[in-house]
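> sequence first, then the predicted structure, then my questions.
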Amino acid sequence: MIKTQFYNFIKELQDTITSRLEKIDAKASFQEDQWHREEGGGGFTRVIENGSVFEKGGVNISEVYGALPVTMQSYFKVGDVDFYATGLSLVIHPVNPFVPTVHANFRYFEMYDKQGVVIDSWFGGGLDLTPYYLFEEDATHFHQVCKTVCDRHDVADYTTFKDKCDQYFYNSHRGEGRGIGGLFYDYCKASEEYSMEDWLVFQKDMASHFLDAYVPIVEKRKNIEYTKEQRDWQEIRRGRYVEFNLVHDKGTLFGLKTNGRIESILMSLPPHVQWRYDYHPEPSTPEAALIEVLKQPKDWVQ
């Protein structure tokens, strides 16, 4: 079964990612909590805090199932059905403001009638980068890894997924993107042309290359010296990250509406954040240059 194959895959991937990040940090390690959902299912939350490289991060997997809550029935435009959802979700907030925050999510969803027959299923996911200081070579590297994986699979289209990412991770109340994007895709279903197995192969390939997209950037920037002012800027920009997750993010909403574990849902929030009243960076500074890019999505690779 596809759901079993995918769940076994993300369990192994969680081990791979957390082991690699622990080696990079060399100080802190991930602590694991296993949790259970009363209605059915649960997950494994792994969090790293107060490291030498990573200030806070979480790499979580979950597998939840049961009756679809009434609030979500209207969202999906269905009646009284059951559901199954599994996925891996991660957010990493580094210490150094020259190292970007990263987010990734790879998920699978099924819905069933009351006889247990699958009536719908799909994959979704993506990954995106949120820098505080923009290095164009880092943005190009991140997007190139995404494009290279997409180009290997007929089901995937980098340009489409990149555009969807720019549209989704957008703070409309601020008129700016959360970061410099990556990929976002959802409701990836079987069709006359492609099977769910085709989507599974792509999903596994993309998830397996998360570390290739992010780790080289961390290694390159983690030891750059920074000032208190640059750290302040990082915390101000983290405020915009929090705003998106609490105001716009559908994953946060789904977790809250399906009685997910609150600590796991909100582990994406950074530990130190600032909100300064009507703050704007000085013109012609690296901080101002970042804002200009966030206001208008850019093509990083051809």
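Nice, thanks for sending it over. Numbers count the residues shown, from 1 in each chain.

> pLDDT wise, what is the spatially most central residue of the chain at?
For the chain, the residue lying nearest the average C-alpha position, counting by C-alpha atoms, centre = their mean, turns out to be Ala104 (2.7 Å). Note for Ala104: predicted pLDDT of 98.

> right, and it touches His209 too?
No - Ala104 lies out of contact with His209 (C-beta atoms under 8 Å); the separation is 10.3 Å. All C-beta spots, glycine's among them, are computed from the backbone N, C-alpha and C.

> what's around Gln115, how many residues?
When counting by other C-beta atoms under 10 Å, one arrives at 6 neighbours for Gln115.

> how far away is it from Met72?
Here the distance between Gln115 and Met72 works out to 20 Å (C-beta to C-beta, to the nearest Å).

> what's the answer for Tyr241, then?
When distances are taken as C-beta to C-beta, Tyr241 and Met72 turn out to be 25 Å apart.

> of the two, who's got more company?
Neighbour totals were compared for Tyr241 and Met72, and Tyr241 leads with 23 against 16 (other C-beta under 10 Å).

> which elements pack onto the strand or helix carrying the more buried one?
Under DSSP states H and E, the secondary-structure element containing Tyr241 is helix 228-247. With contacts taken as 3 or more C-beta pairs under 8 Å, 6 or more residues apart in numbering; DSSP states H and E, helix 228-247 sits against strand 170-171.

> what sits against Gly260?
The contact partners of Gly260, by C-beta atoms under 8 Å, 6 or more residues apart in numbering, come to 37, 62, 64, 254.

> ok, and the closest non-adjacent residue to the first one?
Closest residue to Arg37 apart from its sequence neighbours, by C-beta to C-beta, 6 or more residues apart in numbering: Val64 at 5.3 Å.

> tell me the SS of the one you found?
Taken by DSSP: H, G, I helix; E, B strand; the rest coil, the conformation at Val64 corresponds to strand.

> what sits against it?
37, 39-43, 84-86, 258, 260.

> tell me which of the residues you listed is nearest to Glu229?
Checking the contacts of Val64 against Glu229 with C-beta to C-beta, the nearest one is Gly260 at 37.8 Å.

> can I take it that that closest one is in a strand?
No - Gly260 is assigned coil when assessed by three-state DSSP, not a strand.

> now it. Its backbone dihedrals?
The phi and psi values for Gly260, taken as degrees, to the nearest 10, are phi -70, psi 170.

> now Ser52
Residue torsions, per degrees, to the nearest 10, at Ser52 are phi -80, psi -30.

> ok, it - how many residues close by?
Neighbouring residues of Ser52 were enumerated by other C-beta under 10 Å; the total is 13.

> show me what contacts it?
Contacts here follow C-beta under 8 Å, 6+ apart; on that basis Ser52 touches 25-28, 95.

> make a PyMOL selection of the buried ones in those.
Provided next is the PyMOL selection string for whichever of those are buried by 16 or more other C-beta atoms under 10 Å:
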select buried, resi 25+28+95
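
> where do the strands sit along this protein?
With strands called from DSSP state E, the chain shows them at 31-36, 41-49, 54-67, 82-94, 101-112, 118-130, 170-171, 176-177, 181-188.

> mind checking pLDDT for Pro286?
97.

> count the residues that sit near it.
Applying other C-beta under 10 Å, we find 13 residues neighbouring Pro286.

> the nearest residue in space to it that is not next to it in sequence: neighbour count?
The shortest distance from Pro286 to any residue other than its chain neighbours is 5.5 Å, reached at Tyr133 (C-beta to C-beta, 6+ apart). With neighbours defined by other C-beta under 10 Å, the count for Tyr133 comes to 21.

> and the longest helix along the chain, what other elements does it pack with?
Secondary structure of the chain read by DSSP state H shows that its longest helix is helix 2-25. Counting by 3+ C-beta pairs under 8 Å, 6+ apart, the packing neighbours recorded for helix 2-25 are strand 41-49, strand 54-67, strand 82-94, strand 101-112, helix 196-208, helix 210-221.
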